[in-house]
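> sharing a model prediction with you, sequence too.
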There are 4 protein chains.
Amino acid sequence: MAGSSFGTIFRITTWGESHGAGIGVVVDGCPAGVSLTDEDIQIYLNRRKPGQSRFSTPRIEDDKVRILSGVFEGRTTGTPISLVVENNTQRSSDYSEIASYYRPGHADYTFDEKYGFRDYRGGGRSSGRETIGRVAAGAIAAKVLSELGIEVFAYTKSIGDVSISMDNFDRDEIFNNMIYMPDKDAAVKAEKLIDDMRNDLDSIGGVVECTVKNMITGAGEPVFDKLDANLAKAIVSIGAVKAFEIGNGTEASKSAGSSNNDSFACDENGHIYKKTNNSGGTLGGISDGSDIVIRAHFKPTPSIFKEQQTVNKNGENISINIKGRHDPVIVPRAVVVVEAMTAITVLDMILLSMSSSVDKIKKVLGK
Amino acid sequence: MAGSSFGTIFRITTWGESHGAGIGVVVDGCPAGVSLTDEDIQIYLNRRKPGQSRFSTPRIEDDKVRILSGVFEGRTTGTPISLVVENNTQRSSDYSEIASYYRPGHADYTFDEKYGFRDYRGGGRSSGRETIGRVAAGAIAAKVLSELGIEVFAYTKSIGDVSISMDNFDRDEIFNNMIYMPDKDAAVKAEKLIDDMRNDLDSIGGVVECTVKNMITGAGEPVFDKLDANLAKAIVSIGAVKAFEIGNGTEASKSAGSSNNDSFACDENGHIYKKTNNSGGTLGGISDGSDIVIRAHFKPTPSIFKEQQTVNKNGENISINIKGRHDPVIVPRAVVVVEAMTAITVLDMILLSMSSSVDKIKKVLGK
Amino acid sequence: MAGSSFGTIFRITTWGESHGAGIGVVVDGCPAGVSLTDEDIQIYLNRRKPGQSRFSTPRIEDDKVRILSGVFEGRTTGTPISLVVENNTQRSSDYSEIASYYRPGHADYTFDEKYGFRDYRGGGRSSGRETIGRVAAGAIAAKVLSELGIEVFAYTKSIGDVSISMDNFDRDEIFNNMIYMPDKDAAVKAEKLIDDMRNDLDSIGGVVECTVKNMITGAGEPVFDKLDANLAKAIVSIGAVKAFEIGNGTEASKSAGSSNNDSFACDENGHIYKKTNNSGGTLGGISDGSDIVIRAHFKPTPSIFKEQQTVNKNGENISINIKGRHDPVIVPRAVVVVEAMTAITVLDMILLSMSSSVDKIKKVLGK
Amino acid sequence: MAGSSFGTIFRITTWGESHGAGIGVVVDGCPAGVSLTDEDIQIYLNRRKPGQSRFSTPRIEDDKVRILSGVFEGRTTGTPISLVVENNTQRSSDYSEIASYYRPGHADYTFDEKYGFRDYRGGGRSSGRETIGRVAAGAIAAKVLSELGIEVFAYTKSIGDVSISMDNFDRDEIFNNMIYMPDKDAAVKAEKLIDDMRNDLDSIGGVVECTVKNMITGAGEPVFDKLDANLAKAIVSIGAVKAFEIGNGTEASKSAGSSNNDSFACDENGHIYKKTNNSGGTLGGISDGSDIVIRAHFKPTPSIFKEQQTVNKNGENISINIKGRHDPVIVPRAVVVVEAMTAITVLDMILLSMSSSVDKIKKVLGK
């Protein structure tokens, strides 16, 4: 339990280093009978692949996924689904220098302290390539959710201080720009900002927002396994995330109760709904039927080309210039990672809620 | 696994409803040999007790804790520690009306949807009294951490838009004002704000910050069980928390890499440290030896005395006026809850890291 | 996770030492809507209470259970059910001597080695009183199973070399004799044997068998969480159990495939069944619809009145004569413990199987 | 959590079907700094490979293992170790008929009931090939244990009614005969018995025994996670195991306390030991420093060539003759599987015990 697994019923276990033989994930507890192909997963992986835009590293990574188990005649069998992506472009030579010092903002130092040594090639286990397993598993979760009529989608909300305007929100726009922003104008400005930061040998942070549509009510457990608590863990477990919000998030701490509370109402069909959604789709940790809305705050890429101060393994204070190919911004490629972790968490909590009452159990057993 | 347990090695399981016979917690996996008395725990519970200030409900709740197991001759034995607080003031009559409708901002509706019915007396399991178990367990975690030289403390950072100034930060001041603010001037303003909100039959949100001093390096697991990810879950699992931050948190998403990265340096004793602490004490999910610094954003108390719109169980749209005794702000009493959840999480991750290398195991086994 | 919890969805956590303030259990994940009273649980506890027959210690233990949470208006709410039994008869004076030496067959030595010291009063956590929590939780599991039409019952199969004859099997006889044997003649012989062992200042072992009737098909997970594997853990986790069998058990290792295989057949209603049940109700770890049949082999009571050799804490080889009140046989009072652990395990595996296919999930969600 | 993971700290997750693309395992929580090569693992896999003797199927299975992650410069890094064995000999045509009916003694029926359909090619997930992942992970566990001076070894104790004699026990003999028996004479008789059963188109069961030498004291948790309880689960989770014993096992239920109790004694060096080992190395679920001794009872191979009665998917009662290549006995190839599961369990429980006292934690932290 060294932390490479996530989830209780729909449980994923990832493995792999950036410059080892490959990266992969085992998905245990996927319900049987869901149609699934390599292509369903590849579509998601392609969204996180580098080289998709001028803001992502031009390394050629094929990232071709193979399903090794758990699918038979095009459907999930209920047994573990093993997915592997081979690392084709292992060029350790690029990374030999970083073995000798601790890069600021990276996990080099903490890995050495924890384990006594580290796989120093390109970040090893703490590389961004670790998210391949998450995204592949998330594609499967999204497929199961879509069978239940539930939809998960994420997008870039802001880059630095350039934020989308909700008035301009256009979901169709998300895939029209290189940074997955649902606001054409903001996207132009944000791309400009990223270019500026790169030219300055620097990097910039940003925010990803994710929405779950057509959510059921009743998912999430009352105390520690609140839906929002598990989403918080899922999101903050993504490398580089420094803050998590649900609903109105940090705004809630400045709000009055009279404006923050969401009133309930009943429509003509007897369907109960909330007039507003400051809660972001949960009450008491349990989904309330409104959209789930969460945000992940990403720090800027720690690998920058400007000169930095650090120490080497001999305890000497040194100046370094990081080389190689590094994106000036993490957010665009992280959009699909946030979407994946959200889908995994939401599905797992739905499955956990199957037995919350004896009436539900009787339905399944036909009793 | 309906979510009433938290932690892997140091694992707590809470139980109890606000108006049932009592509230309690079982702490499994506490290391043997730690001195522990009822009083060690009572001190923490007294900090969350109502009636401590004019901002908290005047209900008389003794909240006397009893240790029922796991301690022998004043020391923990390694077996589960069961703690119980009896609910002495069960006055169900105050709460009979709320059985018929769904209070905005509360979990009434979601509990009914999930379980088919609910214990409607005073919030039942989703009541703030649920945190008694957390705080009691947190007192034990803090005791163990203190044996290891590690200290955890929390305080109010802001109420509404009144925030402490870091220049005025005075840790000694925390227990000098009713709202646990380490800034005398801000405390005066914040108390005025709370009074105003209460007079307006309204409520207000706020932020709690928590710091871990003398933290070891190497706690936290690389991928899903990152120290920050588990802290995020721990904190967001507290009722009313809508956002979690670590280090510079939401600021990171607006920052440049050059200012956000913390440089490493080596002092004359060969000790490696970070010159700044934007990371909040973790890198790659593993503690880096700097202070852990996290923040919890709390929404305003949902029970306000202003008239609100909602629906009743017959599906009728109605206006309600909530009665009873309700604090106009959650934050002051939540300070110790944040401190407790942080202590529990940090200790658990330290225990999990005991076997990260074969050298550590040999040390324990004397091989 | 120091081992005081069991189960994944229906998850129990026990606590308590024999001479502490009390013994108890928290049952998390019990489905909502099941009617439950103190009396439902007390009936089970009374079956393990000492002083029921001349073979069990005459200590007066009231063992009155209280439900402290999780039940409202007579029904389970889905939140954790906390059960407590106070220890009324704490007479530590009887046990002061055993603090100084290690009793053969007991856990005194291993506790000291593991934790550095131990609660030496009457066995502490390793006392037979620890099973109170198991039995109380098992009563709840049995109640839920009965709502699903499933019945669990256990009985004494043998004491020493006196075994029941399957030809004489009479379920109604179980509660007619002091040792819960479903065979009148064998019970007479077994009682005589126990009397003889006691008169000889010795003790004797025995076997408990447990049957699950009207079991559903499809419970149990294919690989590590096989229904039989989890039953094995559940049963061997009971103190004093040295062997576990399912179906024909140890006989299978001497059998030919042609006689060991159970043929399938189909009745006139199209219902598939097995003609024999050597498998004991599971195939590939998954319930096959036949009765679950398991056996637990208990060692003789380690506390005997004959002189024994051992060492004291000063490392001296000494002779001891154990005093106090000790049953000459464990089995009769363990019958209900085996029944309880079986019920808990079977229910948990049924709940885990609720989401094995997307069709089942759609049934619950009404999609 | 569909049951494909085992262990708490040293946690393995297996995947793969007999006729899918491959079989594998992810080992999470392996301590860093242990030297490990493909060859360390291959040695173990070769012991379970078919075609090693005339009693195992002549299918050519290379079963070449590849380490895909978690090892760097010849040492474990503390991150998950992913192991894959490709399935080279996928000949689905051999298995097409069994799609239509339910083989007695196999999991065909229960998989269909649980999941709605099944991968019918050669047993799919319930195939004996599933144990490849267990054995590969067990090889790693054994490597770590050997660093701690602990040794695990298993052997065939009996085939049908041919049992080894403890007087003839010769550990060196284990690898000298095709069935891994540590008794030359018994091996000859057992091989004759297997030949006879095969000639009779039948199969036969047997018993595997496993011993852990130089075990530490203090591993195992007091209540549900007793060392013996987790070993019971580990062993019964192996397909075809119908009974588990520790120490004198089933004999204990026929024994008197005076002969069953193991006396403690102290040698001249002040070292405490047990004069006998009826307990099999645990007391109260915690290792007592004696050898761990357990036994697994295996049923005969269910795939026999004799005609059998069963039903097809149309609900018709039919006679079948199973074709293909099937071993007449499971035990010899299962010896290494029992050894593997024992090593995994023992290591995991040792790692779990690292934090049982605050003194141990201080040793690791150097405080």
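Perfect, thanks for sending it. Here the structure is a predicted model, which means the values were calculated and not measured.
> tell me the contacts of A:Thr76?
Contacts for A:Thr76 (Cβ atoms under 8 Å, 6 or more residues apart in numbering or on different chains) come out as A:Cys30, A:Pro31, A:Ala32, A:Gly33, A:Val34, A:Ser35, A:Leu36, A:Gly70, A:Ile140. All C-beta spots, glycine's among them, are computed from the backbone N, C-alpha and C.
> repeat for A:Phe175
Neighbouring residues of A:Phe175 by Cβ under 8 Å, 6+ apart: there are none.
> any idea which element A:Val336 lies in?
helix A:331-352 (DSSP states H and E).
> whether that helix contacts chain B - can you check?
Yes: legend: contact between helix A:331-352 and chain B by Cβ under 8 Å from any Cβ of the partner chain is shown at A:Leu352.
> which parts of chain A sit against chain C?
Checking chain A against chain C by Cβ under 8 Å from any Cβ, the hits are A:8-9, A:29, A:31-34, A:78-79, A:144, A:147-149, A:216, A:222, A:350-352, A:354-365, A:367.
> let's have the contacts of A:Thr76 in TSV, adding neighbour count and distance to B:Glu209.
Listed next are the contacts of A:Thr76 as TSV, based on neighbours: other Cβ atoms under 10 Å in any protein chain shown; distance: Cβ to Cβ, whole Å:
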residue	neighbour count	distance to B:Glu209
A:Cys30	31	40
A:Pro31	26	42
A:Ala32	24	47
A:Gly33	21	48
A:Val34	20	44
A:Ser35	13	48
A:Leu36	20	45
A:Gly70	29	45
A:Ile140	29	38
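> how deep is A:Lys275 tucked in, by neighbour count?
Neighbouring residues of A:Lys275 were enumerated by other Cβ atoms under 10 Å in any protein chain shown; the total is 12.
> so for it, what's the pLDDT?
The predicted structure scores A:Lys275 at 97 on the pLDDT scale.
> give me the neighbour count for the residue in the stretch 51-200 of chain A that chain B sits nearest to.
With Cβ to the nearest Cβ, the shortest gap between the stretch 51-200 of chain A and chain B falls at A:Ala107, namely 2.4 Å. By other Cβ under 10 Å, 28 other residues sit near A:Ala107.
> give the contact list for the residue nearest to A:Gly116 when sequence neighbours are not counted.
Excluding its sequence neighbours, the residue lying closest to A:Gly116 (Cβ to Cβ, 6 or more residues apart in numbering or on different chains) is B:Ser357, at 5.0 Å. Going by Cβ under 8 Å, 6+ apart, B:Ser357 touches A:Lys114, A:Tyr115, A:Gly116, D:Pro31, D:Ala32, D:Gly33, D:Gly78.
> hmm, 6 Å instead?
Remark: with contacts taken as Cβ atoms under 6 Å, 6 or more residues apart in numbering or on different chains, B:Ser357 is in contact with A:Tyr115, A:Gly116, D:Pro31, D:Ala32, D:Gly33.
> of the residues you listed, just say which sits nearest to D:Asn312.
Within the contacts of B:Ser357, distances to D:Asn312 taken as Cβ to Cβ reach their minimum at D:Pro31, with 50.9 Å.
> so that closest one makes contact with B:Asp359?
No: counting by Cβ atoms under 6 Å, D:Pro31 stays clear of B:Asp359, with 8.4 Å between them.
> how close does the residue of the stretch 51-200 of chain A closest to chain B sit to A:Thr77?
Distance of A:Ala107 to A:Thr77, given as Cβ to Cβ, to the nearest Å: 37 Å.
> over to A:Tyr155?
In this structure, A:Tyr155 lies at 34 Å from A:Thr77, with Cβ to Cβ as the measure.
> check A:Gly20 too.
Taking Cβ to Cβ as the measure, A:Gly20 and A:Thr77 are separated by 28 Å.
> same question, A:Val358
29 Å.
> and those two? Which one has more around it.
A:Thr77 (28 against 23).
> returning to what we had before: quick one: contacts for the residue of the stretch 51-200 of chain A closest to chain B?
Contacts of A:Ala107 were listed using Cβ under 6 Å, 6+ apart, and they are A:Ser126, B:Leu283, B:Gly284.
> give me that answer again for 7 Å
When contacts are counted by Cβ atoms under 7 Å, 6 or more residues apart in numbering or on different chains, A:Ala107 is found next to A:Ser126, B:Leu283, B:Gly284, B:Ile286.
> returning to that earlier point: how far away is the residue nearest to A:Gly116 from D:Thr8?
As for B:Ser357, its distance to D:Thr8 is 18 Å (criterion: Cβ to Cβ).
> same check on A:Ala186?
Computed with Cβ to Cβ, the distance linking A:Ala186 and D:Thr8 is 47 Å.
> out of these two, which sits in the more crowded spot?
A side-by-side neighbour count of A:Ala186 and D:Thr8, using other Cβ under 10 Å, places A:Ala186 first with 23 against 20.
> any weak-confidence spans in the stretch 151-300 of chain A?
Of all residues in the stretch 151-300 of chain A, none has pLDDT under 70.
> which stretches of it form helices?
Ranges of helices within the stretch 151-300 of chain A are A:184-199, A:227-236, A:257-260, based on DSSP state H, counting those that start in this stretch.
> what is the helix holding A:Val336 packed up against?
Identification of packing neighbours for helix A:331-352 by 3 or more Cβ pairs under 7 Å, 6 or more residues apart in numbering or on different chains; DSSP states H and E yields helix A:38-48, helix A:131-147, strand A:151-159, strand A:206-213, helix A:227-236, strand A:292-298.
> next helix or strand past that helix?
Where DSSP H and E defines the elements, the next helix or strand beyond helix A:331-352 is helix A:358-365.
> is any part of that next one close to chain B?
Yes: applying Cβ under 7 Å from any Cβ of the partner chain, one finds helix A:358-365 touching chain B at A:Asp359.
> tilt between that helix and helix C:358-365?
140 degrees (axes from the mean of the first three to the mean of the last three Cα atoms, to 10 degrees).
> close to chain D, is helix A:358-365?
No: residues of helix A:358-365 contacting chain D under Cβ under 7 Å from any Cβ: none, with a closest distance of 11.9 Å.
> which residues does stretch A:253-262 contact?
Contact with stretch A:253-262 is made by A:248, A:252, A:274-279, B:104-105, B:158, B:160-161, B:197, B:202-207, B:297-302, B:304, B:306, B:308, as judged by Cβ under 7 Å, 6+ apart.
> and what of stretch A:179-186?
A:55, A:155-156, A:159, A:162-165, A:168-171, A:173-174, A:187, A:190-191, A:332, A:335.
> from the residues you listed, which would you call buried?
Burial by neighbour count, 16 or more other Cβ atoms under 10 Å in any protein chain shown: within the contacts of stretch A:179-186 this picks out A:55, A:155-156, A:159, A:162-164, A:173-174, A:187, A:190-191, A:332, A:335.
> TSV for these, including distance to C:Asn314?
As requested, the buried ones among the contacts of stretch A:179-186 are arranged in TSV below (distance: Cβ to Cβ, whole Å):
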residue	distance to C:Asn314
A:Phe55	73
A:Tyr155	72
A:Thr156	71
A:Ile159	72
A:Val162	76
A:Ser163	74
A:Ile164	76
A:Glu173	81
A:Ile174	76
A:Ala187	79
A:Ala190	76
A:Glu191	79
A:Pro332	71
A:Val335	68
